[in-house]
Every structure is written in C-alpha cells, then in structure tokens.
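Chemist: Next come a sequence and a model predicted from it.
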Amino acid sequence: MLAGAVPNLLYCFWLPTMNRTGRQFRNGHPSHWALAFAMAVLWLGTTLFYGVATAHLGAGGAILGWPLFMSLIVIAPSLIGMFTGE
C-alpha cells in the first residue's frame, strides 16, 4: 500500500500548488471535511471487513473475495448515483 500511497500523496500536494488552488482547500466548509473523514472511515472499514471475510471463507477466500470486493466497489457507488440522480 505504501508504493501507491507515496505517489498519491505527492500528487495531492503538487497539483494544488501548480494550479494555485490550495487556498480553496483551507477555506473549505467544515461539512466538507466531515464528509471526507466519513469517506476515509468507510473505506478503511470495507478494507478491514474484506480481510476478516477472506479469513472466514477458508482457502479460497482471497480467490473468491477479491473479485467480489472489487465488483462491489464499482457496483455500489453506481447504484447510489443512479438512485440519487447523479
């Protein structure tokens, strides 16, 4: 995960610097920060649940669990977007 986190963090700091939009993040509404925190907690929760579930599925847990996990990552937001009119 570290190999993916480092470039993402660097890009997240580099892009606002290059576009001179960093001030917009500092002046963000507190509800936006709360939503970002909730999103981070939910992401961590799903990853933890995936790890627990693969252990309970036995020897084929990772083989069955990973495609199911990735499919749900795509399907769930798509359905939510459809129902909310996004």
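Modeler: Now that the structure is in, tell me what you want to look at.
Chemist: secondary structure class for the residue located most distally from the centre of the chain?
Modeler: Outermost residue of the chain with respect to the C-alpha centroid, by Cα atoms, centre = their mean, is residue 59; its distance is 26.9 Å. Here residue 59 is recorded as helix under DSSP: H, G, I helix; E, B strand; the rest coil.
Chemist: and residue 50, how many neighbours?
Modeler: Neighbours of residue 50 under the rule other Cβ atoms under 10 Å: 19. To be clear about C-beta, it is placed using only N, CA and C from the backbone, and glycine gets the same treatment.
Chemist: With residue 54 instead?
Modeler: When counting by other Cβ under 10 Å, one arrives at 18 neighbours for residue 54.
Chemist: Could you do residue 47 as well?
Modeler: Residues lying near residue 47 (other Cβ under 10 Å) number 11.
Chemist: then the helix or strand hosting residue 68 to PDB, C-alphas only?
Modeler: Assigning secondary structure by DSSP states H and E places residue 68 in helix 61-84. The C-alpha atoms that make up helix 61-84 are tabulated as PDB, following Å, rounded to 0.1, in the frame of the first residue of the first chain:
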ATOM      1  CA  GLY A  61     -11.200 -16.800   0.400                       C
ATOM      2  CA  ALA A  62      -8.900 -14.500  -1.400                       C
ATOM      3  CA  ILE A  63      -9.700 -16.000  -4.700                       C
ATOM      4  CA  LEU A  64     -13.400 -15.500  -4.200                       C
ATOM      5  CA  GLY A  65     -13.300 -12.500  -2.000                       C
ATOM      6  CA  TRP A  66     -11.100 -10.100  -4.100                       C
ATOM      7  CA  PRO A  67     -13.200 -10.100  -7.300                       C
ATOM      8  CA  LEU A  68     -16.400  -9.800  -5.200                       C
ATOM      9  CA  PHE A  69     -14.900  -6.900  -3.300                       C
ATOM     10  CA  MET A  70     -13.800  -5.100  -6.400                       C
ATOM     11  CA  SER A  71     -17.100  -5.700  -8.100                       C
ATOM     12  CA  LEU A  72     -19.000  -4.200  -5.100                       C
ATOM     13  CA  ILE A  73     -16.600  -1.200  -5.100                       C
ATOM     14  CA  VAL A  74     -17.900  -0.400  -8.600                       C
ATOM     15  CA  ILE A  75     -21.500  -1.500  -8.400                       C
ATOM     16  CA  ALA A  76     -22.500   0.100  -5.000                       C
ATOM     17  CA  PRO A  77     -21.500   3.700  -6.000                       C
ATOM     18  CA  SER A  78     -23.000   3.300  -9.400                       C
ATOM     19  CA  LEU A  79     -26.300   2.300  -7.900                       C
ATOM     20  CA  ILE A  80     -26.200   5.100  -5.300                       C
ATOM     21  CA  GLY A  81     -25.500   7.500  -8.100                       C
ATOM     22  CA  MET A  82     -28.400   6.200 -10.100                       C
ATOM     23  CA  PHE A  83     -30.800   6.500  -7.100                       C
ATOM     24  CA  THR A  84     -29.700  10.000  -6.200                       C
END
